[in-house]
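> Everything below, folded, please.
(one chain, ligands or ions: 3)
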Amino acid sequence: MAKGNTAVSQWVGEVAGHFKPDRVVWLNGSDEEYRQLLAEAVRSGHLLPLNPEKHPGSYLHRSHPKDVARTEQCTFICTPSHGDAGPTNNWMAPDEAYAMLNRLSGGIMRGRTMYVVPYLMGPKGSPFSKVGVEVTDSLYVAINMRLMTRMGEVALEHLGGSGDFVKGLHSLGTLDPEKRYICHFPQDKTIYSINSGYGGNALLGKKCFALRIASWQGRKEGWLAEHMFLMGVEDPKGKITYIAGALPSACGKTNLAMLQPPVKFGGYRIWCLGDDIAWLRVGPDGQLWAVNPEAGFFGVAPGTSVKTNPNMMKTIAQNSLFTNVALGPDGTVWWEGLDPPENTRGYVDWQGEPWDLASGEKRAHPNSRFTAPMSQCPILSPRWDDPQGVPISAILFGCRRSVLVPLVYESLSWEHGVYLGAALSSETTAAAVGTTGIVRRDPMAMLPFCGYNMADYFQHWLDLGKRLAKPPKIFRVNWFRVDANGRFVWPGFGENIRVIKWIVDRVNGQAPAVKTPIGWLPSPRELQADDLDISKEGWETLLGVDKPAWVEAAQRQAEFFERFGDRMPAKLLAEGRDLIARLKEESHPRGAPGQPSGAGTPSGAG
Ligand code: GTP
Ligand code: SPV
Ligand code: MN
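Ligands and ions are numbered 1, 2, ... in the order given. Predicted coordinates for the structure are as follows:
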């Protein structure tokens with residue numbers, strides 16, 4: 001089959017000559033082939049079958065303990081000029097990177113099978129869609145690619161006789177973290193990843209292609225590749241408003257994309273189209289249109305439960321993979337956030353070690369994950385696979401900030417909205433290796449994923465806005481404000497519908513808002529949240545604007561922009577200055593419905 005495309009077969013031949021696998025197996029994506037891959041993974045110990053009644057068709061995988069999250073320090077953008085990668089990416093010169101990678105990987109697949117995985121990112125027959133081919137010696141990766149992408153024949157059909165595909169070279173190697181590299185060569189449409197088997201490092205269609213390489217392609221071709229969920233919000237009259245939203249890793253995209261409204265908002269329905277990546281284009285009608293290039297979910301397990309995300313619990317009820325979660329004696333999986341078992345005898349933690357609940361230690365890895373096909377989502381939008389995508393009316397930039405940033409506010413314009421995105425900062429999570437809970441700047445939630453200089457990226461956003469007849473409204477959200485005891489003030493999850501409804505009403509021109517120096521805010525009344533147990537102080541925390549703290553945050557933001565030197569768009573620097581001027585305006589009416597929210601370390605300006 002596949003070998004019909006000479007560009008692909010020639011490249012696969014070259015790679016095999018270098019990696020020297022014992023066998024080369026081309027995957028066609030069929031059900032029968034998938035069954036065989038699973039059986040082989042069980043035989044070789046890569047997957048453990050779970051209880052067939054409680055988790056039909058599902059398996060557990062345990063990673064090497066030093067290979068459980070993305071490793072940003074090992075991730076490189078290899079462009080001829082350092083300036084094209086920019087100050088926020090690790091950079092290596094392409095020649096040097098290829099030489100080093102080739103030296104480390106000669107014969108790396110000896111004794112192993114090399115799987116050739118052709119895959120399509122985006123719906124079949126869509127002008128948005130693009131083809132990748134990943135070679136890998138990991139069965140776990142091959143199986144995940146089957147769940148996460150449109151894999152096999154469909155990709156090669158899309159490619160036809162063309163040589164326009166993204167080349168992905170992946171080997172587990174020895175999993176040595178010291179020799180781990182995830183290198184991107186956008187000008188060659190090539191990704192080279194060795195010594196890791198973890199999701200974002202190894203499923204090359206996801207962050208490596210659909211964000212890092214695609215963002216570069218998008219800039220050249222006039223579109224955007226973003227770290228965004230996609231959802232439709234249906235109101236009681238049946239009107240559906242489509243929203244795309246960027247939040248940093250492990251900050252709530254999946255949960256928002258599958259939101260289950262509480263009874264009080266029973267007239268509203270959420271339709272899920274994607275939970276991690278969106279490709280956005282300006283349509284002939286001047287609207288922004290989006291598709292999700294993926295076909296599966298690779299979601300965070302801890303915190304996922306019937307209470308927080310019932311739709312995901314149904315999605316992963318069968319035919320799913322679980323990575324680095326705990327295991328019960330009856331072959332069921334467990335993670336923090338699920339009800340604790342009555343008796344923990346026979347349970348093992350994510351590394352297979354015995355555990356008892358009383359010790360209080362984490363039993364699933366904090367970045368443990370599940371993989372499931374989108375088709376199993378009970379609220380999947382009928383348009384999730386639409387080759388034309390869906391028209392976007394609102395864009396959210398969300399963050400995880402315990403202080404300063406209100407629950408929700410709307411930008412004053414597209415340009416101010418781009419500033420909101422560029423000024424995003426968030427507390428770090430377990431999705432990447434490193435200390436968690438530290439505030440870091442993460443423009444558009446793309447800091448680890450933008451395949452080129454972020455100053456050029458900001459300019460690309462500004463330019464794209466000029467081509468939009470009716471630009472989507474842009475909002476900031478933050479579900480993560482805490483009180484003096486460190487408890488979340490906002491209930492989050494399903495209750496986020498109150499904020500989403502306000503956003504939809506703003507888009508459709510029906511909701512009041514208060515103008516503040518940072519943007520438009522709702523009052524508690526507009527959020528229809530009287531029935532929530534939130535004190536007066538709680539509301540002040542959620543909707544207050546602490547002007548002095550914001551001034552300081554905006555100044556820090558300007559310092560961040562300075563890192564980009566002359567490449568930084570003047571328009572965004574002006575947005576920052578205007579924000580400070582508005583905050584300092586003596587005569588300005590009090591910012592928000594509540595009092596200033598008080599203490600905290602200002603850092604990211606929004
Ligand atoms: P990636 O897959 O890493 O890109 O993450 P994501 O952005 O899809 O995040 P996800 O929805 O998986 O949520 C990450 C963590 O945040 C989980 O533990 C969730 O339970 C938690 N979370 C999500 N939404 C909310 C919310 O509204 N409030 C609170 N308090 N926690 C939330
Ligand atoms: C993230 O880290 O943003 C993820 C998981 O969605 S990964 O596939 O590792 O990128
Ligand atoms: Mn993500």
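> Go ahead and name everything in contact with the helix or strand hosting I503.
Counting by DSSP states H and E, the element that carries I503 is helix 497-507. For helix 497-507, contacts defined as Cβ atoms under 8 Å, 6 or more residues apart in numbering pick out 233, 235, 241, 243, 256, 259, 261-262, 265, 268, 270, 393-394, 396, 407-408, 410, 472-473, 475, 477, 511, 513, 520, 522, 526-529, 532. The way it works is simple: take the backbone N, C-alpha and C, and place the C-beta from them, glycine included.
> Please compute how far that helix lies from its chain's middle.
Helix 497-507 has its average C-alpha position 22 Å from the chain's average C-alpha position, going by Cα atoms, centre = their mean, to the nearest Å.
> Neighbours of the residue in the stretch 1-150 of the chain that ligand 3 sits nearest to, how many?
Nearest to ligand 3, among the residues of the stretch 1-150 of the chain, is R70, at 9.0 Å (Cβ to the ion). Taking other Cβ atoms under 10 Å as the criterion, the count of residues near R70 is 23.
> same thing with W26?
If you count neighbours by other Cβ under 10 Å, W26 ends up with 20.
> CA-only coordinates of stretch 384-399 in CSV, if you can.
Taking C-alpha atoms only, stretch 384-399 is exported to CSV below (Å, rounded to 0.1, in the frame of the first residue of the first chain):
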residue,chain,number,x,y,z
TRP,A,384,-16.1,17.9,15.0
ASP,A,385,-15.1,16.2,11.8
ASP,A,386,-16.4,19.0,9.4
PRO,A,387,-13.8,19.7,6.7
GLN,A,388,-14.8,23.4,6.9
GLY,A,389,-14.5,23.6,10.6
VAL,A,390,-16.7,25.9,12.7
PRO,A,391,-16.8,29.7,12.9
ILE,A,392,-15.3,31.1,16.1
SER,A,393,-17.1,33.9,18.0
ALA,A,394,-15.0,34.1,21.1
ILE,A,395,-11.4,33.4,22.1
LEU,A,396,-10.4,32.7,25.7
PHE,A,397,-6.9,33.1,27.2
GLY,A,398,-7.1,31.4,30.6
CYS,A,399,-4.5,31.0,33.3
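> ok, and does the helix holding I503 reach over to ligand 1?
No. Helix 497-507 stays clear of ligand 1 (Cβ under 6 Å from any ligand atom), getting no nearer than 9.5 Å.
> just to revisit the earlier point, tell me the buried residues within the contacts of helix 497-507.
233, 241, 243, 256, 259, 261-262, 265, 268, 270, 393-394, 396, 407-408, 410, 472-473, 475, 477, 511, 513, 520, 522, 526-527, 529, 532 (16 or more other Cβ atoms under 10 Å).
> which ones among the residues you listed are found in helices?
Residues from the buried ones among the contacts of helix 497-507 lying in helices, with DSSP state H as the criterion: L256.
> got the residues of the stretch 251-400 of the chain near ligand 2?
Close to ligand 2, as judged by Cβ under 6 Å from any ligand atom, the stretch 251-400 of the chain has residues D276, F298.
> Please repeat the previous calculation with a cut-off of 8 Å.
Residues of the stretch 251-400 of the chain found near ligand 2, taking Cβ under 8 Å from any ligand atom as the criterion, are K253, D276, F298, V300, N367, R369.
> For the fourth one, give me its contacts.
For V300, the contacting residues are A250, T254, N367, S368, R369, A431, by Cβ under 8 Å, 6+ apart.
> Tell me the one among those residues nearest to ligand 2.
If you rank the contacts of V300 by distance to ligand 2 using Cβ to the nearest ligand atom, A431 comes first, at 3.6 Å.
> burial of the closest residue to the closest one other than its chain neighbours, as a residue count?
The shortest distance from A431 to any residue other than its chain neighbours is 3.4 Å, reached at S249 (Cβ to Cβ, 6 or more residues apart in numbering). Applying the criterion other Cβ under 10 Å, we find 25 residues in the vicinity of S249.
> Next one: S249 from N309, what distance?
Distance, S249 to N309, using Cβ to Cβ, to the nearest Å: 17 Å.
> R180 now?
Distance of R180 to N309, given as Cβ to Cβ: 32 Å.
> Confirm for me that the residue nearest to A431 is in contact with T436.
No. With contact taken as Cβ atoms under 8 Å, S249 and T436 are classed as non-touching, separated by 10.9 Å.
> what residues go with each domain of the protein?
Residue ranges for the structural domains of the chain, counted by automatic domain parsing, are given in the record as 6-46+71-222, 226-292+384-584.
> any chance of those domains in a markdown table, plus mean pLDDT?
Written out in a markdown table, the entries for the domains of the chain read as follows (pLDDT from 0 to 100):
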| stretch | mean pLDDT |
| --- | --- |
| domain 6-46+71-222 | 98 |
| domain 226-292+384-584 | 97 |
